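> Build me a model from this:
(one chain, ligands or ions: 1)
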Amino acid sequence: MGPWPNDPLGPQARSAADIYWIMFIAAIIVLVIVDGGLVYAGLKFRERPGHIAKQFHGHNFLELLWTVIPTFMVISFSVLSFQKLNVMNDNTGAQMTIAVQGQQWTWTFQYPKEDRFKAIDGSYLLGAEELHIPVNTKVLLKLSSKDVIHSFWVPNIGGKKDAVPGRPTELWIQADKPGTYRGQCYEFCGTGHADMLVTLVAHPQSEYDTWAKDAMTEYNRSLDPATKKGRETFLSLACVGCHTVKGTPAGGKVGPELTYVASKKSIAGGTLSPVNEENLSKWIKNPPAVKPGTLMPNLGLSDEQIHDIVQWLLTLKCPQNLPPGQKCP
Ligand code: CUA
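Below you'll find the predicted structure:
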């Protein structure tokens, strides 16, 4: 399955694809009749020795035919298009509303003010690049832009709408089945336009709350004051002598780079997996106890220091759109 509008996996995309196919097939029939007639006439009535073309002017029946049929076709297509457009633009009855903001060159998603999206600081879940929705649910997107005109489009799910600065627009989407759907900004918006991607993830309804819970854990971690403190603690200790974390003063080359440590499969040379709170804490608390002979010493950190550092390390995830020249572990 590719990001292809003629592989519709939601009612929006299906409405557009239905019109597309009806018009496409009608156009093929017209092409065959018109060009077929042209070729036939060209062969049958061509100039040749002993053959003189009949001269005549006007033919009521034929003229009527090629006026009435195209008129009928254009009217039918118009009626059909308006019918489908009514469905596609009908933003009523949405079960969920998400505010979508475009900016050079990413999308952010403000989830609704529901308890399941409420963060520790009283704000509500704000996501980027990935939009998560439940399947078979009509979701209304309220589009806006921070800078220039962008356009939100996930071909398989359909509906394409510009995000215009200072002029709110709306688009509803719905996915038939669970899956991950790729989308692309559809309005040229500067040098990063081609990389302004969006990933739409449709979850089974029963699993959506589980996703929300996990997302809130991550989100709350990034808001937790311990995270900021953890970064400061890390940078004030001997850690920086051995480890590199890009974007910080830590540039040590002795130990492994930690820029995207939270996206690694394991730590401590493969001894501890997965990379989670429990394993990171265990490792930092006493490295030689986990892996005898390791170069990483026991720094004798307090439980609070370890907690804070781990909270920060867990935010060091590899982003979807990496800066050029970097790659995920
Ligand atoms: Cu945003 Cu193109």
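> Dihedrals phi and psi, the nearest residue to residue 259 once chain neighbours are set aside?
If the residues on either side of it in the chain are set aside, residue 259 comes closest to residue 246, at 4.4 Å by C-beta to C-beta, 6 or more residues apart in numbering. For the C-beta atoms, the positions are set from N, CA and C on the backbone; glycine is no exception. Dihedral pair for residue 246: phi -60, psi 140, per degrees, to the nearest 10.
> okay, now residue 246: neighbour count?
For residue 246, the count of nearby residues is 13 (other C-beta atoms under 10 Å).
> what does residue 27 give?
Neighbouring residues of residue 27 were enumerated by other C-beta under 10 Å; the total is 11.
> so what's residue 109 up against?
98-100, 126-128, 130-131 (C-beta atoms under 8 Å, 6 or more residues apart in numbering).
> Select only the buried ones of the residues you listed in PyMOL?
Only the buried entries of these go into this PyMOL selection, using 16 or more other C-beta atoms under 10 Å:
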select buried, resi 98+99+100+126+127+131
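> Residue 67: which of the contacts of residue 109 is nearest?
Of all the contacts of residue 109, residue 67 sits closest to residue 100, with 46.6 Å by C-beta to C-beta.
> The closest one and residue 82, how far apart?
Using C-beta to C-beta, to the nearest Å, residue 100 is found at 26 Å from residue 82.
> now swap in residue 302 and tell me
69 Å.
> before we move on, the earlier item: separation between the residue nearest to residue 259 and residue 141?
Counting by C-beta to C-beta, the gap between residue 246 and residue 141 amounts to 33 Å.
> try residue 266
For residue 266, the distance to residue 141 - C-beta to C-beta - is 38 Å.
> okay, these two: which has more neighbours?
residue 141 (24 against 13).
> show me the contacts for the more buried one.
By C-beta under 8 Å, 6+ apart, residue 141 lies in contact with 97-100, 152, 161, 170-173.
> Look up phi and psi at it.
phi -100, psi 130.
> Okay, and the beta partners of it?
Note on residue 141: beta-bridge partners by DSSP bridges are residue 98, residue 171.
> So which elements touch the host helix or strand of residue 36?
For residue 36, the host element (DSSP states H and E) is helix 11-44. With contacts defined as 3 or more C-beta pairs under 8 Å, 6 or more residues apart in numbering; DSSP states H and E, the packing partners of helix 11-44 are helix 60-88.
> residues of the helix it packs on that come out buried?
Quick answer for helix 60-88 (16+ other C-beta under 10 Å): 84, 88.
> how big is the angle separating that helix from helix 11-44?
Here the directions of helix 60-88 and helix 11-44 differ by 160 degrees (axes from the mean of the first three to the mean of the last three C-alpha atoms, to 10 degrees).
> How far away from the center of its chain is helix 60-88?
37 Å (C-alpha atoms, centre = their mean, to the nearest Å).
> That one packs against which elements?
Counting contacts by 3+ C-beta pairs under 8 Å, 6+ apart, helix 60-88 packs against helix 11-44.
> Now do the buried residues in the helix it packs on.
Neighbour-count burial for helix 11-44 flags 11-17, 19 (criterion: 16+ other C-beta under 10 Å).
> can you put these in TSV and add pLDDT?
As requested, those are arranged in TSV below (pLDDT from 0 to 100):
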residue	pLDDT
11	92
12	91
13	90
14	90
15	90
16	89
17	89
19	90
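> where exactly do the helices run in the stretch 201-329 of the chain?
Using DSSP state H, counting those that start in this stretch, the helices assigned to the stretch 201-329 of the chain run over residues 205-223, 225-236, 239-242, 277-285, 287-290, 303-313.
> Show me how far the fifth one is from its chain's centre.
Relative to the mean C-alpha coordinate of its chain, helix 287-290 is positioned 42 Å out (C-alpha atoms, centre = their mean).
> Give the buried residues for it.
Buried residues in helix 287-290, counted by 16+ other C-beta under 10 Å: 287, 290.
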